[in-house]
Every structure is written in C-alpha cells, then in structure tokens.
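J.: the amino acid sequence is not available; the structure is as follows:
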C-alpha cells in the first residue's frame, strides 16, 4: 500500500506510554503500554520541542549516536495524520515522532494491533 490513509486510526496510542525502542540495522520498533506497536522500515524523524530535528533515520555508517531515547517512558498526548505522506505522535515532553511513507515499492511501517501496513 502506498500512502498514509486519511482515516488512519491512531486512537489506541492516545495516552499510551512508549516503553521500548528497538534499534535494528534496517528497522526501528516502538512498543507502547498498555498496547500498540509500530515497526518502521522507512524514514522517521524525531523533532525536539523547538522544532529542530533531534534524530532521524539514516544509514548506520553515517550515525554517531541516537537521540530517540527522548520518547522512552513518555506518554503520547496527541496523534496526527498528514495523508498521504506521514503520521506521528506528540509526546508529553513535546518531542514529535513523525513516520513517513517514503516508498512506492516497499512497506514503510506496520502498526499493531490491526495489522495496518503502510
């Protein structure tokens, strides 16, 4: 599927706490309590409260550090959908995680429960 649907339901993440961030060579996973997970194979950005890019998807050879830890133990206060390009979360500390559908050929992410593939 290409494009983030306008009716993407992210309500399960409202009030959820990000309890785990898994870092893989080609994938990031975000796990929430009491439920909800997102596996990201495509591009993502973490924006700091002042709107600057604090972290983003990049080739591991180009990376010196991660800053994605800013979402750990933080509650999702708001979700948004910018169809067909992206969706995201604003956390209680005002960091924003935005996940992009950046490929017409490959999956960019999966959302559970619901088995939503973008």
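T.: Yep, it's here. Since the structure is predicted, the reported quantities are computational estimates derived from the model, not experimental observations.
J.: strands along the protein, start to end?
T.: Using DSSP state E, the strands found in the chain span residues 17-23, 28-33, 37-40, 44-47, 53-56, 76-82, 86-91, 96-100, 109-112, 116-117.
J.: could I get those strands as CSV with mean pLDDT, mean neighbour count and distance to residue 70?
T.: The C-beta positions use only the backbone N, C-alpha and C, and glycine is treated the same way. Compiled in CSV, these are given as follows (pLDDT from 0 to 100; neighbours: other C-beta atoms under 10 Å; distance: least, C-beta to C-beta, whole Å):
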stretch, mean pLDDT, mean neighbour count, distance to residue 70
strand 17-23, 97, 15, 10
strand 28-33, 98, 18, 12
strand 37-40, 98, 20, 16
strand 44-47, 98, 20, 7
strand 53-56, 98, 16, 7
strand 76-82, 98, 15, 13
strand 86-91, 98, 21, 8
strand 96-100, 98, 21, 9
strand 109-112, 97, 19, 20
strand 116-117, 94, 14, 25
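J.: now those in a markdown table, please, with extra columns for distance to residue 10.
T.: As requested, the strands of the chain are arranged in a markdown table below (distance: least, C-beta to C-beta, whole Å):
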| stretch | distance to residue 10 |
| --- | --- |
| strand 17-23 | 13 |
| strand 28-33 | 11 |
| strand 37-40 | 10 |
| strand 44-47 | 15 |
| strand 53-56 | 21 |
| strand 76-82 | 4 |
| strand 86-91 | 7 |
| strand 96-100 | 10 |
| strand 109-112 | 8 |
| strand 116-117 | 10 |
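J.: show me what contacts residue 96?
T.: Applying C-beta atoms under 8 Å, 6 or more residues apart in numbering, one finds that residue 96 lies in contact with 46, 47, 88, 89, 90.
J.: and with 10 Å instead?
T.: 45-49, 51, 54, 71, 78, 80, 88-90 (C-beta atoms under 10 Å, 6 or more residues apart in numbering).
J.: looking at these, spot the one nearest residue 117.
T.: Using C-beta to C-beta, residue 88 comes nearest to residue 117 of these, at 17.5 Å.
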